[in-house]
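Peer 1: Provided below are the primary sequence and the corresponding predicted coordinates.
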Amino acid sequence: MNGPLLDVRDLHVEFRTRRGSVKAVEGLSYQVRAGEIVALVGESGCGKSVSSLALMGLLARPAGRITKGEILFDGVDLARLPESEMRKRRGRDIAMIFQEPMTSLNPVLSIGLQLSEPLMQHRGMTSVQARERATELLTLVGMTDPERRLDQYPHQLSGGMRQRVMIAMGLACDPKLLIADEPTTALDVTIQAQILELLTELSRKLNLAVILITHNLGIVARYADRVNVMYAARQAEGGAAERVFTNPSHPYTRGLLAAVPRLDRPRAAQLATIEGAPPNLVNPPAGCRFAPRCTHRTEVCEADPVLFEVEPDHLVRCWHSNVAKTPPEQNALSEPSAAKPALPIVKAEALTKHYAVRSGGVFSRMNGVVRAVDGVSFEILAGETLGLVGESGSGKSTIGRLLAGLEEPTDGHFSIELDGANDPAARRRAVQVIFQDPTTALNPRMLVGDIISEPLRVHKLARGKGDIDARVASLLESVGLRAEMAERYPHELSGGQRQRVGIARALALEPRFIVCDEAVSALDVSIQGQIVNLLDNLQQRLGLTYLFIAHDLAVVRHIADRVAVLYLGRLMELGPRDEVFANPSHPYTRALLDAVPVPDPVVERNRGSRTLKGEIPSPLKPPPGCVFHTRCPIAKEACKQSVPPLRETIPGRFVACLEA
Amino acid sequence: MLGFLARRLLLAIPTLLGVAVITFLILRVLPGDIVEVKLRADGGTVTQEMVQNERVRLGLDKPVVSQFADWMRGLATFDLGNSMWTGRPVTQEIGIRLALSAQLAVMATIVALLLAVPLGTLSALARGTWIDGAIRLFTVAGLAVPSFWLGMLIIMGLLAFNAMPPLVFKPFFDDPWSNLRQLFWPALAIGYRYAAVVARMIRSSIIDVMGEDFIRTARAKGLPERVVVGRHGLRNAMLPSITVIGLEFAFLFGGLAVTEQVFNLNGIGKLFVQAVTQRDFVLIQTIVMMSATIFVIMNLIVDLLYAALDPRLRVR
């Protein structure tokens, strides 16, 4: 018989908090069969992670509990299982891997011990037997030199390798079900592709059922067989991945698909967005959860919608699922990148930043040099956005920090064109930064109004309470927030609102040039679109120039006029956005673009996998010759010898590759 | 590893030199010297000449700089000098008392750890319950109650039960039973406060550690809670506590004047007070240098323990 391995029926999870009980999951039902990859998709707080912690019996106690529903796994209801029985199944029948490989492994225990633990616990192996099996497991997940790895500690491994160790640990006791909670969110696109390819391959090979929790629709399209879209604790849509993607029937699913900038579609002038934010789950609105943000809202939406079957194997929780099927409008490219008066505002000349690594203490010796940025030259024209992409460790953030004056270059120099005075204070005013994580970049003990007005007060640009309040109000308004927000603390705002505050703070000094360092990476898709559009509008209105640092190539393609690709502190390719994306010259650029999954299963199936092998080498010991030759699919002998210079192939396009 | 040790020991030299200079200067600035104290204690008539002769004998007539140089020369050759009061070598004066103070420090640390590790862990795991409340009350009391006062209570209790411990100190290897009976009670009095400090530290670090992602991973493996807490939690949580334990231990080595007085113990603390009242410069300087050295060594041991427990800190 071929029944489902896991059958979740009408699952409800609640958390009791001081502010009331939060209904984190309401009426979730889905099935998973052996060998199948089922995705749970949604934005943060939608209940996708909580629902799988509930499967594992790992809800935070005593606050969280399953209030209703069944979790039938192999015919046993896990929701009613006592902890002692549940514990026997955890790690043996169901395993789970987590988002942050950096923090999910115990830093003080060796890899070998951590891998052996489930084996000794569930299989009763001796430590010698467990070690043997651990070696097998590391080989299974594609790690080289497994014997030596067993005696290493997590800090000695890269993020990708740690996630492989996590997977090996999950697979230790041959589980039937593996839950992967955002397994690649913290990793680079190339490593993400490697890890997900591995999971898919293992799932086929071991007939393993996988629940893949993610916010990335591209990942779902490339890897999942079935998908469940969650919104505000409820299932919005679910079914076979292909059906959901070809015929998205919930306005939320359609909105999400439209909000993701895609590499396989023409670039739209503005990103489609879903206005507003998800509801508070302490007191959710009655009726359809999505109604307040929905453009198809009618009176019926005040009643709770049920799950309709729009077609076989495709369920939707929407009253209008069969009516509201206008395809997401693609507002076509309106501005043909009008030739702007191109005067360079930033000129960087052989910019270099090396960090000395010391052994610590007074009598320390220099142990080496990290070549974070190694002789990078470029210009940024007034009013344009230069996108800076590359894997982590490529030096992109360092360049941002150098231009913002937060670090001094070791060598080379850069100039920033300023009108008027050129003293250090004027320079600080003219260059501002928007940081990645709005939660940690804003001082939690300061009011929003004080955060925004601090630069004004420091530079004495506004005097008196009236003046300052007026400036703060107008800044808040310019980033789409109400003036009352000035009286709030950062923790009272949502992630998107906090990033708007970060932008308002950067705008306070009326800068000419803004470094956006992964400014939208920490935000949910629907919010990300809003912020990208805001940055775009501000640029047009205020004539700003951006350096937009990001690892998400699709977002960069949307916002940047020109793109610079960085690898190990060196510039690989630089050119106009459309040309670089349509026709990448450097093999590294091609590999990066190939690694990005597109939210369309049909497109994905025809792409085949061309994942980049290996990982970015240590900037302590960059390879000789072309730094990319160790991973390059077309590297020749000459690439190991000589450093390819950055040369202009066609006017405006620069490539550092001997073969291009 | 050896290079690391050598570097750390070399670094200790400027630290100790600084301690020496400051101690020396403070002593010379203090009014009065041993000669006045000593001769006044002898009673009778004291002539200017007698004072002068005694000063010359003790070397107190020399310029301050050359006195300091003499002392440094002595330290470098491990000749610590003689007590100005008794004339016996200071090593002999300190010797037996150091044995007592060291043993007390070790016993108090054992008492503290035996109390603090289970109490701190239990308190963290039962956070917010009445168990946690009771343990926290117990530890706050430990911080608030002075050791000597607790000592007096203990002695009164012992008297009431007619179980007075021995009054004369016997080294552990001569008469362990008498030794332990004598030192157990002061170790308990000192260890209570010590335990309170450490238990609170352990509680807060376990609460932090149990919220870490790797604890969730350990649970997801199906490990029993005992292993999750013991192997994955405690080992990480002990790190900050080790610093506290090391400093407390070094502090106890330096003696505890009041508690020693209460239990009538001849420890370093009592000797130190006595040396200060007698202005016995040589003895004071030696005790201070000894305490400083112990602090430096304990710090080094703490760093080595850190490296042993946390692979991220190991020197490559």
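Peer 2: Cool, the structure landed. Keep in mind that what you see is a predicted model, and the values were worked out from it rather than measured. Numbering: from 1, shown residues only, chains lettered A, B, ... in the order given.
Peer 1: phi first, then psi, for the closest residue in space to B:Ile34 that isn't next to it in sequence.
Peer 2: For B:Ile34, the nearest residue in space outside its immediate sequence neighbours is B:Arg279; the separation is 4.3 Å by C-beta to C-beta, 6 or more residues apart in numbering or on different chains. Just so you know, the C-beta spots here come from the backbone N, C-alpha and C atoms, and that holds for glycine as well. Recorded main-chain torsions at B:Arg279 are phi 60, psi 40, according to degrees, to the nearest 10.
Peer 1: contacts only, for B:Arg279.
Peer 2: Applying C-beta atoms under 8 Å, 6 or more residues apart in numbering or on different chains, one finds that B:Arg279 lies in contact with B:Leu30, B:Gly32, B:Asp33, B:Ile34, B:Glu36, B:Val37, B:Met84.
Peer 1: which of these count as buried?
Peer 2: Neighbour-count burial (16 or more other C-beta atoms under 10 Å in any protein chain shown) applied to these gives B:Asp33, B:Ile34, B:Met84.
Peer 1: reformat the residues you listed as JSON lines; add distance to B:Ala220.
Peer 2: Supplementary listing: these in JSON lines, determined by distance: C-beta to C-beta, whole Å:
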{"residue": "B:Asp33", "distance to B:Ala220": "71"}
{"residue": "B:Ile34", "distance to B:Ala220": "70"}
{"residue": "B:Met84", "distance to B:Ala220": "68"}
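Peer 1: which one of the residues you listed is nearest chain A?
Peer 2: B:Met84 (37.0 Å; C-beta to the nearest C-beta).
Peer 1: ok, residue 286 - contacts?
Peer 2: Using chain A. With C-beta under 8 Å, 6+ apart as the criterion, the residues that contact A:Ala286 are A:Glu302, A:Asp304.
Peer 1: nope, chain B please
Peer 2: B:Thr286 makes contact with B:Leu80, B:Gly81, B:Val90, B:Ile94 under the criterion C-beta under 8 Å, 6+ apart.
Peer 1: what strand or helix carries the closest residue in space to the second one that isn't next to it in sequence?
Peer 2: It stands for B:Gly81. Excluding the flanking residues, the one nearest B:Gly81 by C-beta to C-beta, 6+ apart is B:Val282, at 4.6 Å. When elements are defined using DSSP states H and E, B:Val282 is found to belong to helix B:281-309.
Peer 1: just the mean pLDDT for whichever strand or helix holds A:Leu119, thanks.
Peer 2: When elements are defined using DSSP H and E, A:Leu119 is found to belong to helix A:111-122. When pLDDT is averaged along helix A:111-122, the result is 94.
Peer 1: tell me which residues of the next helix or strand after it are tucked away?
Peer 2: Under the assignment DSSP H and E, the closest C-terminal helix or strand after helix A:111-122 is helix A:127-140. Neighbour-count burial for helix A:127-140, counted by 16+ other C-beta under 10 Å, picks out A:Ala130, A:Arg131, A:Arg133, A:Ala134, A:Thr135, A:Leu137, A:Leu138, A:Leu140.
Peer 1: then stretch A:411-428 to CSV, C-alphas only?
Peer 2: C-alpha atoms of stretch A:411-428 as CSV (Å, rounded to 0.1, in the frame of the first residue of the first chain):
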residue,chain,number,x,y,z
ASP,A,411,46.4,51.2,-0.7
GLY,A,412,44.9,53.0,-3.6
HIS,A,413,42.5,55.8,-3.3
PHE,A,414,39.1,57.0,-4.1
SER,A,415,37.5,60.4,-4.5
ILE,A,416,34.0,61.5,-4.0
GLU,A,417,32.8,64.5,-5.9
LEU,A,418,31.2,67.0,-3.5
ASP,A,419,29.7,70.3,-4.3
GLY,A,420,31.1,73.0,-2.1
ALA,A,421,33.2,72.3,1.0
ASN,A,422,35.5,69.3,1.0
ASP,A,423,36.2,69.0,4.7
PRO,A,424,35.7,65.7,6.6
ALA,A,425,32.4,66.8,8.0
ALA,A,426,31.0,67.7,4.6
ARG,A,427,32.2,64.3,3.3
ARG,A,428,30.4,62.5,6.1
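Peer 1: in TSV: the contacts of B:Arg279, plus distance to A:Gln432.
Peer 2: As requested, the contacts of B:Arg279 are arranged in TSV below (distance: C-beta to C-beta, whole Å):
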residue	distance to A:Gln432
B:Leu30	59
B:Gly32	66
B:Asp33	67
B:Ile34	69
B:Glu36	71
B:Val37	70
B:Met84	69
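Peer 1: just the helices in the stretch 101-250 of chain B please.
Peer 2: B:130-144, B:147-160, B:176-210, B:213-220, B:225-227, B:235-253 (DSSP state H, counting those that start in this stretch).
Peer 1: and of the ones you listed, who's closest to chain A?
Peer 2: Closest to chain A of the helices of the stretch 101-250 of chain B, according to C-beta to the nearest C-beta: helix B:213-220, at 4.1 Å.
Peer 1: not counting the closest one itself, show me its contacts.
Peer 2: By C-beta under 8 Å, 6+ apart, the residues outside helix B:213-220 that reach it are A:56, A:58, A:90-91, A:95-96, A:98, A:100, A:103-107, A:117, A:166, A:169, B:209, B:225, B:227-228, B:231-233.
Peer 1: which residues does stretch B:159-166 contact?
Peer 2: So stretch B:159-166 is contacted by B:Leu158, B:Ser178, B:Arg181, B:Gln182, B:Phe184, B:Trp185 (C-beta under 8 Å, 6+ apart).
Peer 1: distance of the second one relative to B:Pro171?
Peer 2: If I follow you right, that is B:Ser178. 10 Å (C-beta to C-beta, to the nearest Å).
Peer 1: which one's more surrounded, these two?
Peer 2: Neighbours per residue (other C-beta atoms under 10 Å in any protein chain shown) separate B:Ser178 from B:Pro171, with B:Ser178 holding more: 16 against 13.
Peer 1: which residues of the chain score low on pLDDT?
Peer 2: If you meant another chain, say so; for now it's chain A. Scanning chain A for pLDDT under 70 picks out the ranges A:1-2, A:322-342, A:358-367, A:419-422, A:608-610.
Peer 1: chain B was what I was after
Peer 2: Low-confidence segments of chain B (pLDDT under 70): B:1, B:41-44, B:255, B:315-316.
Peer 1: residues of it that sit close to chain A?
Peer 2: Among all residues of chain B, those adjacent to chain A (criterion: C-beta under 8 Å from any C-beta of the partner chain) are B:7-8, B:10-11, B:212-214, B:216-224, B:227, B:231-232, B:235-236, B:309-312, B:315-316.
Peer 1: rewinding a little: just the contacts of helix B:213-220: which are in strands?
Peer 2: Residues from the contacts of helix B:213-220 lying in strands, with DSSP state E as the criterion: A:Ala95, A:Met96.
Peer 1: buried members of the contacts of helix B:213-220 into PyMOL, please.
Peer 2: Paste this into PyMOL to select the buried members of the contacts of helix B:213-220, with burial taken from 16+ other C-beta under 10 Å:
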select buried, (chain A and resi 56+58+90+91+95+96+98+100+103+104+105+106+107+117+166+169) or (chain B and resi 209+227+228+231+232+233)
